[in-house]
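A.B. asks: When you get a sec, could you give me coordinates for this:
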Amino acid sequence: MDSVRKDLIFVAFAALGAVLSAPCGIAQSAPSQSAPSLHDRLNAMISDGKSAWTPEQLAAMAQLREAAMKDPYALNELRHLTDNIGPRLSGSPQAQQAVEYVAAEMRALGAEVTLEKAMVPHWVRGAETAEIVSWPGQAPGTTQKVVLTALGASVATPAEGLTAEVVVVDDWQQLQALPQGAVQGKILLFNHKFDKELAAQGRGGNAYGGGVVYRGAGPDAGAAAGAVAVLVRSVGGADYRLPHTGLTDYEDGVRKIPAAAVTTEDADQLKNLTSQGPVKLHLTLTPQALPDAQSYNVIADWKGTEHPEQFVVVSGHLDSWDLGTGAIDDGAGVVVSMQAIHLLQQLGIHPKRTVRFVAWMSEEEGSEGAAAYMVDHASEMAKHIGAIESDLGADHPTGIYYAGKSPLGTWLRPLSHVLDPIGAEILVPTPETGEDINGLTEKGVPSFSPIQDSRTYFNYHHTAADTFDKVDPKHLNENAAVVTVLAYALADSDEPAPR
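C.D. replies: So this is what the prediction gives:
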């Protein structure tokens, strides 16, 4: 008996045991006219009802799953992207080298490769220093270092830096409650804390969302209040004096002021000192915004046998911030998507539809690569059968997020059983699945992403600690298994996924 069939029968009997052990009033209650009988429900669990895939296709999925768990391809590719090429900020020489490298690797697998142009920001970080120069209780002639990093797209201070008093607020409400002119000519610090308890429950994305609004909108709010610069408490969970960068978003017509993220420890110290009396900080940031650069999305098509004109996108973003080497954000997403093509090639599997690998460019600085794709392929939305993006690291995946019509969950159910042996059986609906594929989702294309363990992801995300050693090889392979099985399933079903 093949492993997939065994898995289905085990799940069915587990469900039967749960029903028979239920209280009598529940177990014996009469079903409604529309409710299927217990016998029908058990049969549905074993056979998945009217499955979109044959037993042979389900066996192929199990084969791909097992191959993914043993294959070092993704790990080797990630090591090269991170250790050999390094940080891949859009517009940089490393980003261009990564484009050329990934394109060559895809050609070597026999995929049809195209480099699609995208104009991307070219921002260079420069120097970034800060020190407290005046505070209550200061020993004469001393200063205290503040550890920080410029936010992406930040403008520069004067070359010699600027010195100003610091005002600390925890949130928007505290800013609004300040007297008129309280921030004029000063440095404003948003000290909004990352919710570690929420992240510890596997809700890292929610914790991040609660703080990232200050990083994105804080500089504009500070400028409107008259500040000369804005600091933001790092949006992440690490407490090792590790600053977290990320993009800030200047609105047109608003005065641009320098912006940086400070470590949690330095944010706490500044709040403590300012509660005792005036505190002055000397801040130097020297980033440059160079003219936009030409870059590329890497497109690699593993051609379908019956409907080569129909596409299933499997993707991650190739660019990264420049502090670390972009292992979890998002080298891991790129290489597990590369591995999907690699495994199809290794096993000689050619689905009915084309599996389209995409390495997106410039997700971190505005998703310009994704926007270019939507323009270039505007007339082909109906030909996109599904889109997958992996962009939440490489920790253990527990299943699949899906965005689309409600029947999609029932349609996916056989995949839950295929992925159960690696603990990735959960199916969860969500409004969106990935920044780069949001445009496809909005056009009605069913979209998907692995449900990844986010409890520690934001400890390293956008920091100097985002390096190769943070990736567990077993978890990376589990993610590759989820992505590959899902890509094959979407590409080989007799009927396309519901949309």
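A.B. asks: Any stretches of the protein with poor pLDDT?
C.D. replies: 1-49 (pLDDT under 70).
A.B. asks: Kindly list the longest strand within it.
C.D. replies: With secondary structure taken from DSSP state E, the chain has its longest strand at strand 288-302.
A.B. asks: what helices or strands is it leaning on?
C.D. replies: In terms of contact count using 3 or more C-beta pairs under 8 Å, 6 or more residues apart in numbering; DSSP states H and E, strand 288-302 is assigned the packing partners helix 93-108, strand 112-124, helix 332-346, strand 353-360, helix 368-376. Where C-beta positions appear, they are placed from N, C-alpha and C, glycine not excepted.
A.B. asks: ok now the helix or strand just after that strand, how far from the chain's centre?
C.D. replies: Under the assignment DSSP states H and E, the closest C-terminal helix or strand after strand 288-302 is strand 307-317. Strand 307-317 sits 19 Å away from the centroid of its parent chain (C-alpha atoms, centre = their mean, to the nearest Å).
A.B. asks: swap in stretch 86-98?
C.D. replies: The gap between where stretch 86-98 is centred and where its chain is centred comes out at 18 Å by C-alpha atoms, centre = their mean.
A.B. asks: End to end on it, go ahead and measure it.
C.D. replies: Using C-alpha to C-alpha, to the nearest Å, the end-to-end distance of stretch 86-98 comes to 9 Å.
A.B. asks: In CSV, list the helices and strands packed on strand 288-302 along with distance to Asp83 and mean neighbour count.
C.D. replies: As requested, the helices and strands packed on strand 288-302 are arranged in CSV below (distance: least, C-beta to C-beta, whole Å; neighbours: other C-beta atoms under 10 Å):
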stretch, distance to Asp83, mean neighbour count
helix 93-108, 12, 18
strand 112-124, 22, 18
helix 332-346, 13, 27
strand 353-360, 18, 28
helix 368-376, 24, 20
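A.B. asks: export those to TSV and tack on distance to Ser134?
C.D. replies: Listed next are the helices and strands packed on strand 288-302 as TSV, based on distance: least, C-beta to C-beta, whole Å:
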stretch	distance to Ser134
helix 93-108	40
strand 112-124	31
helix 332-346	45
strand 353-360	46
helix 368-376	42
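A.B. asks: I would like the residues contacting stretch 168-175, please.
C.D. replies: Judged by C-beta atoms under 8 Å, 6 or more residues apart in numbering, the contacts made with stretch 168-175 from elsewhere in the structure are 178, 183, 188-193, 214, 221, 225, 267, 270-271, 274.
A.B. asks: please redo it, this time with the cut-off set to 7 Å
C.D. replies: With C-beta atoms under 7 Å, 6 or more residues apart in numbering as the test, stretch 168-175 has contacts from 189-192, 221, 225, 270-271, 274.
A.B. asks: Now that we have these, which of them are buried?
C.D. replies: Burial by neighbour count, judged by 16 or more other C-beta atoms under 10 Å, picks out 189-192, 221, 225, 270-271, 274 from these.
A.B. asks: So which of those residues belong to strands?
C.D. replies: Judged by DSSP E, those include 189-190 as members of strands.
A.B. asks: now, which of the buried ones among the contacts of stretch 168-175 sits nearest Val428?
C.D. replies: For the buried ones among the contacts of stretch 168-175, the minimum distance to Val428 (C-beta to C-beta) is 27.7 Å, reached by His192.
A.B. asks: residues in contact with the residue lying closest to Arg233 once chain neighbours are set aside?
C.D. replies: Leaving aside its chain neighbours, Arg233 sits nearest to Ala267 (4.1 Å; criterion: C-beta to C-beta, 6 or more residues apart in numbering). Counting by C-beta under 7 Å, 6+ apart, Ala267 touches 189, 191, 233.
A.B. asks: does Ala267 count as helix, strand or coil?
C.D. replies: For Ala267, the secondary-structure state derived from DSSP: H, G, I helix; E, B strand; the rest coil is helix.
A.B. asks: Make residue 1 into 31 and carry on from there
C.D. replies: Okay, residue one is now 31; in that scheme the one you just asked about reads as Ala297.
A.B. asks: I'd like the distance between it and Ser264.
C.D. replies: In this structure, Ala297 and Ser264 are separated by 8 Å, where distance is defined by C-beta to C-beta, to the nearest Å.
A.B. asks: which neighbours do those two share?
C.D. replies: Residues touching both Ala297 and Ser264 (C-beta under 7 Å, 6+ apart): none.
A.B. asks: thinking again about what came up before, quick one: the residue nearest to Arg263 from Asp349, how far?
C.D. replies: For Ala297, the distance to Asp349 equals 28 Å [C-beta to C-beta].
A.B. asks: do Val515 as well
C.D. replies: Summarising the geometry, the distance separating Val515 from Asp349, computed by C-beta to C-beta, is 27 Å.
A.B. asks: Also His312?
C.D. replies: With the distance defined as C-beta to C-beta, His312 ends up 32 Å from Asp349.
A.B. asks: Between those two, which is the more surrounded one?
C.D. replies: Asp349 (31 against 19; other C-beta atoms under 10 Å).
A.B. asks: Can you verify my assumption that the more buried one contacts Ala125?
C.D. replies: Yes: Asp349 is in contact with Ala125 according to C-beta atoms under 7 Å; the separation is 5.6 Å.
A.B. asks: Ramachandran angles for the most centrally placed residue in the chain?
C.D. replies: For the chain, the residue sitting closest to the mean C-alpha position, by C-alpha atoms, centre = their mean, is Asp421 at 2.7 Å. Dihedral angles of Asp421 (phi, psi; degrees, to the nearest 10) stand at phi -150, psi 50.
A.B. asks: Pull the contacting residues for it.
C.D. replies: Going by C-beta under 7 Å, 6+ apart, Asp421 touches 346-347, 360, 363, 464-465.
A.B. asks: Output those residues in a markdown table; the columns should cover distance to Val501.
C.D. replies: Compiled in a markdown table, these are given as follows (distance: C-beta to C-beta, whole Å):
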| residue | distance to Val501 |
| --- | --- |
| Gly346 | 13 |
| His347 | 16 |
| Asp360 | 12 |
| Gly363 | 11 |
| Gly464 | 19 |
| Glu465 | 21 |
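A.B. asks: Could you pick out the buried ones from these?
C.D. replies: 346-347, 360, 363, 464-465.
A.B. asks: Common neighbours of Asp349 and Ala125, please.
C.D. replies: Overlap between the neighbourhoods of Asp349 and Ala125 consists of 118-119, 391, taking contacts as C-beta under 7 Å, 6+ apart.
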